[in-house]
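1. give the three-dimensional model of this entry:
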Amino acid sequence: QGQLVESGGGLVPAGGSLRLSCAASGRTFRSYHMGWFRQAPGKEREFISSINWSGGSSNYADFVKGRFTISRDTAKNTVYLQMDNLKVEDTAVYYCAARSSVVNSAYDYWGQGTQVTVSS
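-> Numbering: from 1, shown residues only. Model prediction:
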């Protein structure tokens, strides 16, 4: 069974930066597409960004474009989310997830989440 573990969350002032990491273990995720999601209190979980299995293609939600960057290190089985110019509204629990490269597959591996709090 595969496992995803996020780290790197914390408290940061508005305008600051954080880099989240998602370490995969228990199986190889090299052929998997990886994604980042977040959930704020009282809100539904929302998509932030994803990167394909090779790292050659990525996409972002409009509200993070130009501020967040997703990347992956296949050798380390790790995915990153660099978050710059953070805003108070970015406060949420951030989750990474994995899905197979099969077309229309669902994200079926999820991490436990890491809290990001942005202060004003």
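
2. low-confidence bits of this protein, can you list those?
-> Scanning the chain for pLDDT under 70 picks out no residues.

3. nearest the geometric middle of it, what residue?
-> With distances taken as C-alpha atoms, centre = their mean, the chain has W36 as the residue nearest its mean C-alpha position (2.7 Å).

4. hang on, it packs against L20?
-> Yes. Here W36 reaches L20: they are 7.2 Å apart, a contact under C-beta atoms under 8 Å. Just so you know, the C-beta spots here come from the backbone N, C-alpha and C atoms, and that holds for glycine as well.

5. which residues of the protein fall in strands?
-> In the chain, the segments counted as strands under DSSP state E are 3-7, 10-13, 18-25, 32-39, 46-51, 58-60, 68-73, 78-83, 92-100, 109-110, 114-119.

6. re the thing from before, common neighbours of W36 and L20, please.
-> Taking C-beta atoms under 8 Å, 6 or more residues apart in numbering as the contact rule, W36 and L20 both touch L81, Y94, C96.

7. what about S17, how many residues nearby?
-> Using other C-beta atoms under 10 Å as the criterion, S17 is surrounded by 11 other residues.

8. for it, which non-adjacent residue is closest in space?
-> Closest residue to S17 apart from its sequence neighbours, by C-beta to C-beta, 6 or more residues apart in numbering: D84 at 4.7 Å.
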